[in-house]
Every structure is written in structure tokens, then in C-alpha cells.
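Enquirer: build me a model:
(one chain, ligands or ions: 1)
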Amino acid sequence: MNFVDMLKDAATRNQSMLCVGLDPEPARFPTHWQGNAAHIYDFCAAIVDATADLVCAFKPQIAYFAAHRAEAQLEQLIAHMRRVAPHVPVILDAKRGDIGSTAEQYAKEAFERYEADAVTLSPFMGFDSVAPYLKYPGKGAILLCRTSNPGGDDFQPQHLADLPGQPRLYEHLAQLAQGAWNTNGQLGLVVGATYPQEVAAVRRLAPTVPLLIPGVGAQGGDAEATVKAGYTGPGSVAINSSRAVLYASSGADFAAAARAEALRTRDLLNAAAAA
Ligand SMILES: O=C(O)c1cc(=O)[nH]c(=O)n1[C@@H]1O[C@H](COP(=O)(O)O)[C@@H](O)[C@H]1O
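Expert: Next up, the predicted model:
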């Protein structure tokens with residue numbers, strides 16, 4: 001099943017638009033594992049087990065593994081996800097972006113080494129930096145468009161004076177992802193929940209492209225406004241929360257607390273869609 005269909009299927013089965021982000025920070029692990037990077041797999045696997053029936057996707061962030069020389073634990077974790085939640089797509093958050101020959105290696109890493117269903121990419125270097133990922137049939141390539149961080153203001157809302165209508169940079173990206181660049185329907189877009197008006201603008205320009213929307217929870221994005229702006233049906237959005245779920249408790253009950261927070265967030269998002 002391709003990434004887009006898998007996202008839709010998981011969203012429907014789990015009645016969820018919540019993506020749980022796996023950003024393991026040993027310093028924030030529960031007391032008995034605190035500071036110990038050897039427990040990255042154990043921590044993340046417990047979160048996966050506790051939330052697998054509540055999510056439409058999981059999003060491991062590669063830096064949190066690589067920084068601790070824990071790539072083998074990431075491979076082990078993805079294998080665990082396949083065992084316990086084979087219907088839930090895995091989005092590898094790597095934000096890669098490089099010339100074509102190097103992008104081929106990054107694509108191999110994401111789709112052959114880690115066997116992810118989709119990967120996040122920075123589109124700054126243009127279409128030839130994205131094309132190698134599209135050679136993998138059915139795999140998703142999710143382009144940064146209007147990011148959730150304050151520095152997203154530096155370039156993304158600037159107008160492109162040379163283009164007809166002088167669209168903003170993020171608007172132009174949304175148009176490309178809906179049209180010219182989306183040669184096989186594999187593209188998605190990242191839009192931050194911290195900018196719901198821009199989520200709405202992107203949705204208008206890219207009506208059928210799945211949106212990965214980080215920024216609810218720890219970054220304080222407006223979950224309800226985001227759903228109203230971006231949701232058009234199961235699989236249309238994957239709204240990510242990482243720290244608010246992972247570190248809901250620093251005690252031995254961390255997995256149960258993560259489940260409770262994931263459930264609360266899933267229900268809040270669903271209520272916004274129903275309102
Ligand atoms: O591509 C992303 O996932 C991403 C894009 C963006 O604009 N903002 C953003 O926060 N992210 C990622 O989403 C996650 C957000 O984590 P929390 O703020 O803890 O929910 C982190 O893994 C970020 O790297």
C-alpha cells in the first residue's frame with residue numbers, strides 16, 4: 001500500500017489524525033532510565049505500544065537517534081512498529097535536501113535502510129533535490145512549506161517578485177506540490193499548527209496533498225483552528241505532537257501518561273473536525 005493510502009487507512013481504523021513524534025531525549029527519560037541512551041529503544045517501544053491504536057502515523061526524528069549513535073536502535077524501533085502496528089505509516093523526519101547524487105543516498109537511507117513510508121525534505125535546493133525520492137514507488141516525500149518555528153518568518157512568507165501574482169514562497173511551494181512537482185501523487189507538505197491561517201492558505205492551494213502539521217502540544221499551536229483550516233477527511237492531515245506525549249510523566253507511569261495525553265489530543269482533534 002502506498003504512503004497516502006496507508007495514512008488514510010490508519011486514520012480511518014484508529015479514528016485519528018494524531019501523529020506521535022518520537023524525539024527521545026535520554027535526559028528526560030523516566031527516573032530509572034534517565035540519561036541512559038542505551039534505553040532509547042525501550043522508551044520509544046513503550047510509547048509505540050501505548051499509542052499504536054490512537055495514531056494515524058509515527059514520526060521518529062532521526063537526529064535524536066544519530067546524536068547518541070543510536071541508529072541501530074532506530075532500526076530496531078521501526079521493526080517493532082511493523083510488528084505491533086503494521087498498518088501505521090512511519091514518517092522518517094530527516095529534513096534532507098541536497099544535490100541529486102547525494103539525495104539518492106539519503107533516499108536509500110530512508111527507504112531501504114530504515115524502510116520508512118515517507119521522509120521529510122527541505123525543498124530549498126529545488127526539484128532535482130526531491131526527484132530521487134520520487135523514484136521509490138508509493139513512498140511519500142513531505143516538503144517543508146510553512147514551518148512551525150519563529151524563524152519560519154524569515155523567508156517563507158516573502159513574496160517572489162519574479163513570478164506571476166507574486167506568491168509568497170510557501171504559497172509557491174504549495175502550488176508546486178499540488179501540481180508540477182507531484183508527478184506520482186507522492187508529495188506531502190509540512191505546515192505548522194502555530195500558523196493556522198497559513199494552514200488554510202496552503203489547503204486552498206493544495207487541496208488534495210496530505211499535510212504534516214507539527215506544533216500542537218509543546219509549541220502551543222492552536223489544535224482546533226488547525227483542524228478547521230486543514231482537515232478535509234481521513235488521511236488529509238497528520239497532526240504531530242512529540243514532547244507533550246513522550247514526557248507527559250517522568251515517572252514509572254510514563255507510558256500510561258503518554259497514552260492518556262495521546263487520547264486527549266486525538267479526541268480534541270476529532271471534536272474540532274466534528275464541530
Ligand atoms: O518536519 C517536522 O516534523 C517539523 C517541522 C516544523 O515545522 N516544526 C517541527 O517542530 N517539526 C518537528 O516536529 C516535532 C515537534 O515536536 P514537539 O514540539 O515536541 O511536538 C519535532 O520533531 C520537530 O523537529
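
Enquirer: now Thr184. Nearest residue, chain neighbours left out?
Expert: Let me fix one detail, which is that residue 184 is Asn and not Thr. Leu134 (6.1 Å; CB to CB, 6 or more residues apart in numbering). Just so you know, the C-beta spots here come from the backbone N, C-alpha and C atoms, and that holds for glycine as well.

Enquirer: which residues are in contact with the one you found?
Expert: Residues in contact with Leu134 (CB atoms under 8 Å, 6 or more residues apart in numbering) are 141, 183-184, 186.

Enquirer: now list the buried members of those residues.
Expert: 141, 186 (16 or more other CB atoms under 10 Å).

Enquirer: can I get the contacts of Leu134 in JSON lines with pLDDT, distance to the ligand and secondary structure?
Expert: Shown next, in JSON lines, are the contacts of Leu134 (pLDDT from 0 to 100; distance: CB to the nearest ligand atom, whole Å; DSSP: H, G, I helix; E, B strand; the rest coil):
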{"residue": "Ala141", "pLDDT": "98", "distance to the ligand": "12", "secondary structure": "strand"}
{"residue": "Thr183", "pLDDT": "95", "distance to the ligand": "22", "secondary structure": "coil"}
{"residue": "Asn184", "pLDDT": "95", "distance to the ligand": "21", "secondary structure": "coil"}
{"residue": "Gln186", "pLDDT": "98", "distance to the ligand": "17", "secondary structure": "coil"}
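
Enquirer: wait, Gln178 touches Leu205, no?
Expert: Yes: counting by CB atoms under 8 Å, Gln178 does reach Leu205; the two are 6.3 Å apart.

Enquirer: who has more neighbours out of the two?
Expert: Leu205 (21 against 17; other CB atoms under 10 Å).

Enquirer: Thr31 is in contact with Ile250, correct?
Expert: Careful, residue 250 is Ser and not Ile. Yes: if you go by CB under 8 Å, Ser250 and Thr31 touch, sitting 6.6 Å apart.

Enquirer: now do the buried residues in the longest helix belonging to the chain.
Expert: Ranked by residue count under DSSP state H, the longest helix found in the chain is helix 254-274. Residues of helix 254-274 classed as buried: 254-255, 257-259, 261-263, 265-266, 269-270, 272-273 (neighbour count, 16+ other CB under 10 Å).

Enquirer: cool, stretch 26-35 as well?
Expert: Residues of stretch 26-35 classed as buried by neighbour count (16+ other CB under 10 Å): 26, 29-30, 33.

Enquirer: can I get those in JSON lines with pLDDT, secondary structure and distance to Ala66?
Expert: Below are the buried residues of stretch 26-35 laid out as JSON lines (pLDDT from 0 to 100; DSSP: H, G, I helix; E, B strand; the rest coil; distance: CB to CB, whole Å):
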{"residue": "Pro26", "pLDDT": "98", "secondary structure": "helix", "distance to Ala66": "14"}
{"residue": "Phe29", "pLDDT": "98", "secondary structure": "coil", "distance to Ala66": "18"}
{"residue": "Pro30", "pLDDT": "96", "secondary structure": "coil", "distance to Ala66": "23"}
{"residue": "Trp33", "pLDDT": "97", "secondary structure": "helix", "distance to Ala66": "19"}
